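Student: Prediction below, plus the sequence it came from.
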Amino acid sequence: MAIRAVLWDIDDTLFDYTGADRAGLARHLADEGLEERYGTPAQALALWRETTERHWDRFAAGEVTFQDQRRDRVRDFLAAPALTDAETDAWFELYVGHYKAAWTLFPDVLPVLDALAGGYRHGVLSNSSTANQDPKLRHLGLRDRFEVLVCAAELGVSKPEAAAFLAACEALGLPPGEVAYVGDQPETDARGARDAGLVAVWLDRDGGRGPGPAGIHRIEGLDRLPELLAGDTRFGARSGIR
């Protein structure tokens, strides 16, 4: 069964989310006079990311709304549980302004999308919301590259649940065996896609993170993706693709 479409993760796959998050948070803390409160910028970012992941997991489990997980992130990060919703919303929006100012694509994104444009259909499956990701893709000049944009907040189910991947395949009108999924997380993206019946491609940009789950394909740059998709991906990757 030939691969006819590629579904993409966005953050830290197409878009340098970690870099933008680091730069945006550092600038926001400096503006707020909080740059020394958390030790180093790396320590501040680590706490922010840990807080983000913890409250995002609550949202993914259906325990809180999308907006409430943002508010709880701010309260925990600032150790200020008494902040009102309006105060947390205002703090977060100031952070978002700095974060957006640092938005950028990875340098291998446009070349690979150009290389694959004639041979494959393309879509996006994200664990965020359409309200977040559609403007981001438009700002980065990518939205018209994708036929569909499927997001967890509207879908009601998140990666790595098979239902999320299958919903994105359904939006493309293709069976999962004809779709490859490319993402930067070995479990949430690669294992989830594999278990849903898609061809799973783990983009390990940093390298050295181990082989990843069995039955997935690991690449260290998007320049390797066209070769992988053109090969017989059912029975092992070509030489040089791990």
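Tutor: Sure, I can see it.
Student: Please count neighbours and contacts with C-alpha atoms only from this point.
Tutor: Noted.
Student: confidence score at the residue sitting furthest away from the middle of the chain?
Tutor: Largest separation from the mean C-alpha position in the chain: Ala82, at 31.1 Å (Cα atoms, centre = their mean). Note on Ala82: pLDDT of 98.
Student: Check Ala60 too.
Tutor: On pLDDT, Ala60 comes in at 80.
Student: now it, nearest residue through space, not along the chain?
Tutor: Nearest residue to Ala60, sequence neighbours excluded (Cα to Cα, 6 or more residues apart in numbering): Ser158, at 6.1 Å.
Student: Name the helix or strand for Leu113, please.
Tutor: Counting by DSSP states H and E, the element that carries Leu113 is helix 109-116.
Student: Now Glu147. Nearest residue, chain neighbours left out?
Tutor: Once flanking residues are discounted, Glu147 sits nearest to Gly123: 5.4 Å by Cα to Cα, 6+ apart.
Student: Check the one you found and give its pLDDT.
Tutor: Per-residue pLDDT puts Gly123 at 98.
Student: With the one 4 residues further on instead?
Tutor: At Asn127, the model reports a pLDDT of 93.
Student: what domains does the record give for this structure?
Tutor: If you go by automatic domain parsing, the domain ranges for the chain are 5-16+104-235, 17-101.
Student: If you count contacts, what does the top helix by length along the chain end up packed against?
Tutor: Ranked by residue count and defined by DSSP state H, the top helix of the chain is helix 41-60. Counting contacts by 3 or more Cα pairs under 8 Å, 6 or more residues apart in numbering; DSSP states H and E, helix 41-60 is packed against helix 17-31, helix 66-78.
Student: list the buried ones in the first one?
Tutor: It refers to helix 17-31. Using 16 or more other Cα atoms under 10 Å as the test for burial, helix 17-31 gives 17, 20-29.
Student: same check, this time on stretch 64-75
Tutor: Those would be 64, 66, 68-75, for stretch 64-75 by 16+ other Cα under 10 Å.
Student: quick one: which of these is nearest Ala164?
Tutor: The closest of the buried residues of stretch 64-75 to Ala164 turns out to be Phe66 (Cα to Cα; 17.1 Å).
Student: Leaving aside the residues adjacent along the chain, what's closest to that closest one?
Tutor: Once flanking residues are discounted, Phe66 sits nearest to Phe59: 6.2 Å by Cα to Cα, 6+ apart.
Student: pretty sure the one you found is touching Gln69, no?
Tutor: Yes - assessed by Cα atoms under 8 Å, Phe59 is found in contact with Gln69 at 6.3 Å.
Student: circling back to that earlier point, figure out the helix or strand that the residue farthest from the centre of the chain lives in.
Tutor: Using DSSP H and E, Ala82 falls within no helix or strand.
Student: can you give me phi and psi for it?
Tutor: The phi and psi values for Ala82, taken as degrees, to the nearest 10, are phi -90, psi 0.
Student: residue contacts, the residue nearest to it when sequence neighbours are not counted?
Tutor: Take Ala82 and drop its neighbours on the chain: the residue closest to it by Cα to Cα, 6+ apart is Arg75, 7.7 Å away. By Cα atoms under 8 Å, 6 or more residues apart in numbering, the contact set of Arg75 is 81-83, 88.
Student: Would you mind checking those for buried ones?
Tutor: Neighbour counting by 16+ other Cα under 10 Å classes Thr88 among the contacts of Arg75 as buried.
Student: Adding distance to Leu116, write the contacts of Arg75 out as CSV.
Tutor: As requested, the contacts of Arg75 are arranged in CSV below (distance: Cα to Cα, whole Å):
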residue, distance to Leu116
Pro81, 48
Ala82, 50
Leu83, 48
Thr88, 42
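Student: picking that back up, what comes up buried for the longest helix of the chain?
Tutor: Across helix 41-60, burial judged by 16+ other Cα under 10 Å covers 41, 44-45, 48-49, 51-52, 55-56, 59-60.
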